Structures are given as C-alpha cells and as structure tokens.
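Peer 1: Compute the structure for the input listed below.
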Amino acid sequence: MSTEGETEKPKSFNLLGILDVQNIPCARDSVLYGSAGALVAGVGHFLATSRVKRSFDFGVGSFLLTTLGTWMFCRYRNAKLRIQHRMVQEGMKNKVMYEGTKMDPTKKADRSSRDNQIDNPGSTARER
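Peer 2: I've put the predicted structure just below:
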C-alpha cells in the first residue's frame, strides 16, 4: 500500500535489456528512425530482387546505419545547443554583474561611437 506522500518511480523501457530508451537522450528517436529505415530498405530491396535472405541482411544493415547516423546527429545537435545555452547564461550573468559600472559593455559601445563622432565631426554614418 502506498501512502499519499510516496511517489511512484516511472518504469523505464529497456530495449534488449541494455538500452534504456527513456533516459538516454536521442535513443528513442534513433531506434524509431532506424526501424522505419530498415523496414523501407528491406521491403524495397525484396521488391526489387525477390531474394529474402539478402533483403533481410540489407534491412539489418540499414537499421544499424540509420540508427547510428541519427543518434550521432542528434547528440551533436544537443551538444551544440548546450554550448549555446552556456554562452547565453554567461552573457546574462556578466550583464547583470557589470550593469551600471564602468565595465558595462553597452556603455563601452556607446562611448566608442561618441568618441568617433567627436574625432570626426564631419563624417557621416555611411563613411564609416
């Protein structure tokens, strides 16, 4: 019997007992795309050649290639997204930290544009 304070841990789905599909990023999509790719490639090869064993082998090979390719691309995209998030967080932290001080990057940009206007009073925006 469970009480109201206890929460049940959701069951994870293990594929072949080794691949935890719910907890590994990109695993679910990779397996689904690999399965669909294998089915299409195997059936297409069978319709073209009518050789059962060769079509099965072709389907297994395409499953492996599609799954690995999709997984690597997804992991690359996730790593790139994490790096971008980290850069944005550091930028926001620096903006909050330096806001209103002499080291404020927005004030530096304004100050340098004003200095250029003072140095070259006759110049226009197009000449720069």
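Peer 1: Which strands and helices lie in contact with the single longest helix found in the chain?
Peer 2: Counting by DSSP state H, the longest helix found in the chain is helix 52-98. Using 3 or more CB pairs under 8 Å, 6 or more residues apart in numbering; DSSP states H and E, the elements in contact with helix 52-98 are helix 27-49, helix 105-119. The way it works is simple: take the backbone N, C-alpha and C, and place the C-beta from them, glycine included.
Peer 1: show me the contacts for the closest residue to Gly37 other than its chain neighbours.
Peer 2: Sequence neighbours aside, Thr66 is the residue nearest to Gly37 in space, at 3.5 Å (criterion: CB to CB, 6 or more residues apart in numbering). Taking CB atoms under 8 Å, 6 or more residues apart in numbering, we find Thr66 in contact with 33-34, 36-38.
Peer 1: List buried members of those residues by neighbour count.
Peer 2: Among these, those buried by neighbour count (16 or more other CB atoms under 10 Å) are 33-34, 37-38.
Peer 1: Any stretches of this structure with poor pLDDT?
Peer 2: 1-19, 21, 105, 108-128 (pLDDT under 70).
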